[in-house]
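J.: Fold the following, please.
(chains A and B)
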Amino acid sequence: KQEVTQIPAALSVPEGENLVLNCSFTDSAIYNLQWFRQDPGKGLTSLLLIQSSQREQTSGRLNASLDKSSGRSTLYIAASQPGDSATYLCAAPEGDNYGQNFVFGPGTRLSVLP
Amino acid sequence: GAGVSQSPSNKVTEKGKDVELRCDPISGHTALYWYRQSLGQGLEFLIYFQGNSAPDKSGLPSDRFSAERTGGSVSTLTIQRTQQEDSAVYLCASSWRQNTEAFFGQGTRLTVV
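T.: As a prediction, the model looks like this:
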């Protein structure tokens, strides 16, 4: 059974800092891993989907890496801005290699202070 | 539509009543997922559809919960005889097929009073 954890649970940084969010998963037989952000009272916004064959995926100031062998993924946010304040969730598939559903971590609540 | 659409956005119901939550996935997406997020909690998987079939119903919390999908498109999550512990945000997501990027709707906030 897939289990996903995220550290830190919360993070507060001044604007402009680079930061790293961590995600760990127990079942490394995954096809992909996805990062989302969730603003208060809102749904989830997809940030990056990284395939198991990839090591990194980049979108703007975001860079996600995936190390299946160690069961880890990181989300790097460069030059953070107050608008980046949100909860960041990672999700890994469960249900053999083809993952029929995503298992979500508890999230990292990020506050970027102006 | 351009994104996943859920309705209603908010629903207040009395304990014991039945409710129906609707999800319109992105056109052409064959995979559809329902999740539940209770206040301050993480996302809990409920059910997954591939086309109109639900190969994985393992997450449905009780037999009061059921879901269907018709025409490979719209899905309805039905909760019978609602209880206060059913209060949560119900989120729907769709993806082109299994193992592709999932896109979420804005959710339905259900409050059982």
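
J.: By mean pLDDT, flag the weakest helix or strand of chain A.
T.: Of all the helices and strands that make up chain A, the one with the lowest confidence by mean pLDDT, DSSP states H and E is strand A:101-104; it has a mean of 88.

J.: just checking, next helix/strand downstream of it?
T.: strand A:108-113 (DSSP states H and E).

J.: mean confidence score for that following strand?
T.: For strand A:108-113, the per-residue pLDDT values average out at 97.

J.: which ones are touching the closest residue to residue A:42 other than its chain neighbours?
T.: Of all residues beyond its chain neighbours, the one nearest residue A:42 is residue B:106 (6.2 Å), with distances taken as C-beta to C-beta, 6 or more residues apart in numbering or on different chains. The way it works is simple: take the backbone N, C-alpha and C, and place the C-beta from them, glycine included. By C-beta atoms under 8 Å, 6 or more residues apart in numbering or on different chains, residue B:106 lies in contact with A:42, A:43, B:6, B:9.

J.: and the last one, what does it touch?
T.: Think residue B:9. Listed by C-beta under 8 Å, 6+ apart, the contact partners of residue B:9 are B:106, B:107, B:108, B:109.

J.: before we move on, what about the second one?
T.: Residue A:43 makes contacts with B:4, B:91, B:104, B:105, B:106, B:107, as judged by C-beta under 8 Å, 6+ apart.

J.: The contacts of residue B:106: which two are farthest apart?
T.: Of all pairs drawn from the contacts of residue B:106, the greatest distance, 11.9 Å, lies between A:42 and B:6 (C-beta to C-beta).

J.: When those two are compared, which one has more neighbours?
T.: residue B:6 (24 against 14; other C-beta atoms under 10 Å in any protein chain shown).

J.: Quick check: phi and psi on the residue nearest to residue B:75 when sequence neighbours are not counted?
T.: When the adjacent residues along the chain are set aside, residue B:75 lies closest to residue B:69, with 4.2 Å between them (C-beta to C-beta, 6+ apart). Here is the backbone geometry of residue B:69 (degrees, to the nearest 10): phi -140, psi 130.

J.: measure residue B:69 to chain A for me?
T.: With distances defined as C-beta to the nearest C-beta, to the nearest Å, the gap from residue B:69 to chain A amounts to 14 Å.
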